[in-house]
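# Give me a model of this one.
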Amino acid sequence: MKQDFIIYGNAIALQVFPSTTSDPSKEYYDEYNAVSKRLRETSNYLAEKIKERGFNAYSHVQMLKICSQISIY
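Numbers count the residues shown, from 1 in each chain. Have a look, this model is predicted:
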């Protein structure tokens, strides 16, 4: 059987400061949103760089959109 694709993922780590209480603070909420935005931007950037080298690549956000359209999730 011929394999036409390989599913491969990369982990991206960014430093986030920890919450100091059991309830998230406004600062923690803002940091969480800022880190999420940076992760999306980094994921999209890396997918584009991989595509520039002739491979198919999708960021996590792109994959969620694709999978929701074909009812995988």
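# Which elements pack onto the helix or strand harbouring Glu41?
Per DSSP states H and E, Glu41 falls inside helix 26-52. Applying 3 or more CB pairs under 8 Å, 6 or more residues apart in numbering; DSSP states H and E, we find helix 26-52 packed against helix 60-69. The C-beta positions use only the backbone N, C-alpha and C, and glycine is treated the same way.
# Identify all contacting residues around the helix it packs on.
40, 43-44, 47, 58, 73 (CB atoms under 8 Å, 6 or more residues apart in numbering).
# Buried residues, that helix. List them.
Within helix 60-69, the residues that qualify as buried by neighbour count (16 or more other CB atoms under 10 Å) are Met63.
# quick one: it to chain centroid distance?
11 Å (CA atoms, centre = their mean, to the nearest Å).
# same question, stretch 36-45
Going by CA atoms, centre = their mean, where stretch 36-45 is centred and where its chain is centred differ by 6 Å.
# List the contacts of that stretch.
12, 14, 59-62.
# what is the mean pLDDT for that stretch?
For stretch 36-45, the mean pLDDT works out to 87.
# Which of the residues in it are classified as buried?
Neighbour count says stretch 36-45 has 39, 43-44 buried, by 16+ other CB under 10 Å.
# Including distance to Gln69, could those residues go into TSV?
Converted to TSV, the buried residues of stretch 36-45 look like this (distance: CB to CB, whole Å):
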residue	distance to Gln69
Leu39	22
Ser43	19
Asn44	18
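# wait, which of those is closest to Tyr28?
When these are compared for distance to Tyr28 (CB to CB), Leu39 wins out at 16.1 Å.
# Kindly provide the distance from the residue positioned nearest the centre of the chain to Leu46.
Of all residues in the chain, the one closest to the mean position by CA atoms, centre = their mean is His60, 4.2 Å from it. Counting by CB to CB, to the nearest Å, the gap between His60 and Leu46 amounts to 10 Å.
# try Leu39
For Leu39, the distance to Leu46 under the criterion CB to CB works out to 11 Å.
# what do those two both touch?
Common contacts of Leu39 and Leu46 (CB under 8 Å, 6+ apart): Ile12.
# How about the contacts made by Ala47?
The contact partners of Ala47, taken as CB under 8 Å, 6+ apart, are 57-59, 62.
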